[in-house]
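J.: output the structure for:
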Amino acid sequence: MAKTMKRRLSSSEEFEVMRMVLDKFLWLGVIIMGYGFFVSISKTIAEGVYYLVGGALLLIIFAWFVVKEFEQLR
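T.: Numbering: from 1, shown residues only. Okay, the predicted model is just below:
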């Protein structure tokens, strides 16, 4: 039985993979905020603010995570 060698990713390749995955979560935050703007316009501002705040929190959390990982690679 032959041993298979697993290829290890370099730190820059690992960061690129992580960035692509987190980019999808950032898009999710933008979509949630866009829906919040739509709700604010079509219904009441109070209803839309919940979505806006939720989307903003999601963007802040994941942006912080990306910056933290980027600084860790330096």
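J.: got any ranges where this protein has weak pLDDT?
T.: 1-3, 70, 73-74 (pLDDT under 70).
J.: can we see that at 50?
T.: Within the chain, not a single segment meets pLDDT under 50.
J.: CA-only coordinates of stretch 6-17 in CSV, if you can.
T.: Presented in CSV, the C-alpha positions along stretch 6-17 are these (Å, rounded to 0.1, in the frame of the first residue of the first chain):
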residue,chain,number,x,y,z
LYS,A,6,-0.6,15.3,1.2
ARG,A,7,0.3,18.6,-0.3
ARG,A,8,0.5,21.4,2.3
LEU,A,9,-0.7,24.9,1.4
SER,A,10,1.6,27.8,1.8
SER,A,11,0.4,30.5,4.1
SER,A,12,-0.5,32.8,1.1
GLU,A,13,-2.5,30.0,-0.6
GLU,A,14,-4.3,29.3,2.7
PHE,A,15,-5.1,32.9,3.1
GLU,A,16,-6.5,33.1,-0.5
VAL,A,17,-8.8,30.1,0.1
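J.: ok now that stretch, how far from the chain's centre?
T.: Its chain's C-alpha centre lies 19 Å from the corresponding centre of stretch 6-17 when counted by Cα atoms, centre = their mean, to the nearest Å.
J.: same question, stretch 9-27
T.: Here the centre of stretch 9-27 is set off from its chain's centre by 10 Å, with Cα atoms, centre = their mean.
J.: number of nearby residues for Ile31?
T.: Counted with other Cβ atoms under 10 Å, residues neighbouring Ile31 total 13. All C-beta atoms are positioned from the backbone trio N, CA, C, and that covers glycine.
J.: buried residues in the one helix or strand it maps to?
T.: Here Ile31 sits within helix 11-42, counting by DSSP states H and E. If you call a residue buried by 16 or more other Cβ atoms under 10 Å, then helix 11-42 has these buried ones: 15, 29, 32-33, 36, 39-40.
J.: got it, and stretch 49-57?
T.: 51-52, 55.
J.: Gly36 contacts Gly48, doesn't it?
T.: Yes: contact criterion Cβ atoms under 8 Å: Gly36 and Gly48 qualify, at 4.6 Å.
J.: related to what we said a few turns ago, nearest to Leu59 among the buried residues of helix 11-42?
T.: Distance to Leu59 across these (Cβ to Cβ) is lowest for Gly29, with 3.9 Å.
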